[in-house]
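>>> below is the sequence, then the predicted model.
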Amino acid sequence: MRWTLWIPLALFAFFLGVAGYMLTQPKDDSIPSQMVEKQLPEFELPAAVETMPGASSADFIGGKPKLLNIWASWCLPCIAEAKQLEVLEGQGVEIIGIAIRDKPADVADFLERYGNPYTRIGADDISQLMLDLGASGVPETYVIDAAGKITYQHIGDIRLEHIPLLLEKLDEATQ
Amino acid sequence: MRFLLILLGALLPTALAAQDSMPPAPYAYKQLEDPALEAQATELMHTLRCLTCQSQTIADSDAPIAGDMRHQVRSRMAAGESPDQVREWLRTRYGDYVSYEPEVSATTWPLFIIPVIFLLVIGLVLWRRLRRTSSNESAGA
């Protein structure tokens, strides 16, 4: 029998193997932003809640690297993330929040229930800054260096195990 | 009966709790005043992928983010940007992902090359076989 006859079966087994292997891999739907390593887009957003100032791109210039946290009071993973943001704030990290499609009363309620790690919160009612950043959902967190450059993007809620990584990225952005 | 009602209630989509209650962006559902420009914008929106509902274009999706993306497309075009400029603005942020139709790029080229290779191989095999049978026939005649 000619060996070439086995080629179709070998191809079939190969594709079966690839499909089987991919089934065991965790699904990753996240869309990385192409804006990492680029300058933070210019923006000026009004205050999301009366008791706190709004946020603009100028707030990131100078001082230490800061975190830009995109979140919303209607977003469930944001509740899970709140504790970790408090920990980061406790470590002396400045976090500027951007509330996506949110109402002042809901923002105030969220801060009262789950804590307020932010120094400023801008209101992005039509996801303008979110799209300008290349973010595809809430929550997402960006490391911005003192010159206003985006150096790192974290997609999804920040869990306990992500805190050392974020602190390291903030440290790297200092240099 | 009450048990049935509770069961029915459990079927209600709870994901609704994760939706915002803000009104849509101005141009999310409103067309542009200029029909020609709106036609161009609609054509562009059919080629852009919604970020959360991954198998729909932003023209097809009712997700809030798709509405916000339609607002960006329409308002940017109303401000004088061309469809290509708006597309490029999104591509510099989301890469190939935002393109609903796959485009040839560093990661997608096998999609376009492999079928061509298959066709060439099939063509080659067929050509050799047909040539052989016809030469057999002429030899037998």
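Arrived safely. All figures in this text were calculated on a predicted structure; none of them were measured in a lab. Residues are numbered from 1 along each chain as shown, chains lettered A, B, ... in the order given.
>>> just the C-alphas of stretch B:26-39, formatted as CSV.
Written as CSV, here are the backbone C-alpha positions of stretch B:26-39 (Å, rounded to 0.1, in the frame of the first residue of the first chain):
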residue,chain,number,x,y,z
PRO,B,26,-27.4,61.6,20.9
TYR,B,27,-26.4,59.8,17.6
ALA,B,28,-26.8,56.2,18.8
TYR,B,29,-30.3,55.9,17.3
LYS,B,30,-30.7,59.2,15.5
GLN,B,31,-29.7,59.5,11.8
LEU,B,32,-27.6,62.3,10.5
GLU,B,33,-29.5,65.1,8.8
ASP,B,34,-27.7,64.7,5.5
PRO,B,35,-29.0,61.5,3.8
ALA,B,36,-25.8,61.0,1.7
LEU,B,37,-23.6,61.3,4.8
GLU,B,38,-25.9,58.9,6.8
ALA,B,39,-25.7,56.4,3.9
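>>> is any residue of the host helix or strand of residue A:13 near chain B?
Using DSSP states H and E, residue A:13 sits within helix A:7-24. No - using Cβ under 8 Å from any Cβ of the partner chain, helix A:7-24 stays clear of chain B, coming no nearer than 10.3 Å. The way it works is simple: take the backbone N, C-alpha and C, and place the C-beta from them, glycine included.
>>> tell me who's in contact with residue 102.
No chain specified, so I'll use chain A. Taking Cβ atoms under 8 Å, 6 or more residues apart in numbering or on different chains, we find residue A:102 in contact with A:48, A:72, A:73, A:74, A:123, A:125, B:20, B:22.
>>> wrong one, chain B
B:96, B:108, B:111.
>>> of these, buried ones?
residue B:96 (16 or more other Cβ atoms under 10 Å in any protein chain shown).
>>> now do the phi/psi pair for residue A:98.
Here is the backbone geometry of residue A:98 (degrees, to the nearest 10): phi -120, psi 120.
>>> isn't it right up against residue A:130?
Yes - with contacts counted by Cβ atoms under 8 Å, residue A:98 reaches residue A:130, the gap being 7.3 Å.
>>> now do the shared contacts for these two.
A:70, A:124.
>>> when these two are compared, which one has more neighbours?
residue A:98 (30 against 22; other Cβ atoms under 10 Å in any protein chain shown).
>>> pull the contacting residues for the more buried one.
Contacts of residue A:98 by Cβ under 8 Å, 6+ apart are A:45, A:55, A:68, A:69, A:70, A:71, A:121, A:122, A:124, A:129, A:130.
>>> in strands, which of the contacts of residue A:102 fall?
In this view, these that belong to strands under DSSP state E are residue A:123.
>>> now the contacts of residue A:98 in TSV, with secondary structure and pLDDT?
Converted to TSV, those look like this (DSSP: H, G, I helix; E, B strand; the rest coil; pLDDT from 0 to 100):
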residue	secondary structure	pLDDT
A:45	strand	96
A:55	strand	97
A:68	strand	97
A:69	strand	97
A:70	strand	97
A:71	strand	96
A:121	strand	97
A:122	strand	97
A:124	strand	96
A:129	helix	96
A:130	helix	96
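>>> can you narrow these down to the ones near chain B?
residue A:130.
>>> what residue is smack in the middle of chain A?
Note on chain A: the residue nearest the mean C-alpha position is residue A:140, at 1.8 Å, using Cα atoms, centre = their mean.
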